[in-house]
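Novice: Return atomic coordinates for the entry below.
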Amino acid sequence: MYSTKLAGVNLDDVFIIASGVVPDVPEYTERICNEYRPSAITTKTLTLNPLKPHDAPTLIKLGDGCYMNAIGLGNHGINSLKPSKCKLFVSVGGSSKEEIVKVSHEAERLATIIEINLSSPNRRSFGADMASQVKEIVKDVRGSVTKPVFVKLGPWDNILELAGKALDGGADGLTLINTLKGMRIDVESRKPLLSYGTGGISGKCIHPLAVRIIHDVFKEYSTEIIGVGGVFTLYDAIEFLEVGAKVVGLGTLIIEQGFGALLSLRDEFESFLVEKGLKLSDLIGSAVRK
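Specialist: Numbers count the residues shown, from 1 in each chain. Modelled structure (predicted):
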């Protein structure tokens, strides 16, 4: 079994569980940790106080491996975070810089890495609505914690500018990408299918977009990147690594196929490296360096 490092953190392999897949229920987290031994689990985005999710429906299927959701960062609050045998990448959010700093400070006691969610499109005043303050937020979080800090950004036209601001603020790396804001309409009622109206598109349909953004950001900044967005196959994962991702987050794949898909992909990737006679370092960024 190969291993890797992300922001100085030792990981058993390149596959982690993306945010939003494991509920913020400690007993469930530990069951997943014990049964599947992921190299890390990214938590749901946690805020200072509990947030109720939006009213149902909050999730619809768009097609093969594609979904749109507007759960709205519903969570039990940062105090629900409990110790785990697995490494926790703790996703944090808030409706102000001050809240995000407080949540990050609370998260640090159990986090291996802190991931600031500045890109969720599914709740006003949170997530994407905070992205314009990215440099100031990261700078203040960085000044209050010692654990590595990553920033999760969305698929926007100004992604290179925001990525640069996050890194200038002191981020150790970036998580790319969050969901793409979309909408579906019920043609009979003439109303949105999701109660919130809009929602975040995820899964296979955003994978090529994620590949392009990871490529462009890595080419510009050569920073450490967690690649997320529609990884279903071995070759999807290899694409992310070749355009610069150091770690690959799995989300929709697990929702569709269960946590066993993590084990299968892990085995396939290890076999691929052995069969090709490659080291992990041979892949990372190789499509950008050409």
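Novice: which residues of this structure score low on pLDDT?
Specialist: Applying pLDDT under 70 to the chain flags the ranges 1, 290.
Novice: which residues of it fall in helices?
Specialist: 26-36, 97-107, 134-142, 159-168, 207-221, 234-242, 252-257, 260-276, 280-283, 286-289 (DSSP state H).
Novice: closest one to residue 56 among the ones you listed?
Specialist: Of all these, helix 252-257 sits nearest to residue 56, with 16.7 Å by Cβ to Cβ. Yep, even glycine has a C-beta here, placed from its N, CA and C like the rest.
Novice: Quick check: buried residues in that closest one?
Specialist: Residues 252, 253, 254, 255 are the ones in helix 252-257 that count as buried (16 or more other Cβ atoms under 10 Å).
Novice: Dump it to PDB, keeping only the CA atoms.
Specialist: C-alpha atoms of helix 252-257 as PDB (Å, rounded to 0.1, in the frame of the first residue of the first chain):
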ATOM      1  CA  THR A 252     -21.900  11.100  -5.300                       C
ATOM      2  CA  LEU A 253     -20.200   7.700  -6.000                       C
ATOM      3  CA  ILE A 254     -20.800   6.700  -2.400                       C
ATOM      4  CA  ILE A 255     -24.300   8.100  -2.400                       C
ATOM      5  CA  GLU A 256     -25.100   5.900  -5.400                       C
ATOM      6  CA  GLN A 257     -23.100   2.800  -4.700                       C
END
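Novice: any residues touching it, and which ones?
Specialist: 17, 21, 65-67, 202-204, 230-232, 261-262, 265 (Cβ atoms under 8 Å, 6 or more residues apart in numbering).
Novice: The same query, at a cut-off of 6 Å, please.
Specialist: Helix 252-257 is contacted by residues 21, 202, 203, 232, 261 when judged by Cβ atoms under 6 Å, 6 or more residues apart in numbering.
Novice: How about stretch 61-68?
Specialist: Contacts of stretch 61-68 (Cβ under 6 Å, 6+ apart): 60, 182, 199, 201, 202, 203, 204, 205, 232.
Novice: Buried ones in it, by neighbour count?
Specialist: 62, 65, 66, 67, 68.
Novice: Among those, give me the pair with the biggest separation.
Specialist: Applying Cβ to Cβ across those, the maximum distance is between 65 and 68, 12.4 Å.
Novice: for stretch 10-20, how far is the first residue from the last?
Specialist: Its start and end residues considered, stretch 10-20 measures 23 Å (Cα to Cα, to the nearest Å).
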